[in-house]
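Student: Sequence unavailable; structure follows:
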């Protein structure tokens with residue numbers, strides 16, 4: 001059951017800023033002993049985030065696994081990166097970088113939607129916001 005959905009509206013149009021924000025948010029959740037699933041639209045995006053999680057900060061360590069097929073992910077790994085089609089596991093936090101809703105929202109306590117200022121991203125984010133609102137989920141919006 002979803003407790004809350006947080007929408008993080010980024011001011012910077014630079015794509016790298018969205019990736020860095022995702023890394024910091026994922027690290028914060030990991031340090032709070034939360035399991036995290038990050039869904040992305042493409043395999044190339046998942047691989048990019050995989051690389052960034054190893055390098056975004058010299059002082060950080062975020063153990064994670066890239067899961068691009070339907071095989072069972074390692075339950076001992078706290079963070080999983082996947083494309084939307086392969087995303088089936090439960091997690092405390094879903095970080096949705098996909099352009100659509102996750103098909104199994106009931107598997108997550110919290111959801112984070114990270115939206116950059118691109119007009120298409122904002123429009124799709126508003127559509128997801130309306131869908132969550134229709135589900136009577138608590139919604140929070142944060143500007144960064």
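Tutor: Okay, I see it. Source: prediction; values computed, not measured.

Student: Show me the helices in this protein, by range?
Tutor: Ranges of helices in the chain, per DSSP state H, are 15-31, 43-55, 119-134.

Student: so where's this protein shaky on pLDDT?
Tutor: For the chain, the stretches with pLDDT under 70 are 70-72, 84-88.

Student: Go ahead and flag the most central residue of it.
Tutor: Centroid-nearest residue in the chain, with C-alpha atoms, centre = their mean: residue 95, separated by 1.6 Å.

Student: before we move on, the earlier item: as JSON lines, the helices of the chain with mean neighbour count and distance to residue 105 would be great.
Tutor: The way it works is simple: take the backbone N, C-alpha and C, and place the C-beta from them, glycine included. Formatted as JSON lines, the helices of the chain follow (neighbours: other C-beta atoms under 10 Å; distance: least, C-beta to C-beta, whole Å):
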{"stretch": "helix 15-31", "mean neighbour count": "18", "distance to residue 105": "17"}
{"stretch": "helix 43-55", "mean neighbour count": "16", "distance to residue 105": "20"}
{"stretch": "helix 119-134", "mean neighbour count": "14", "distance to residue 105": "8"}
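
Student: Which of these sits closest to residue 109?
Tutor: Checking the helices of the chain against residue 109 by C-beta to C-beta gives helix 15-31 as the closest, at 10.8 Å.
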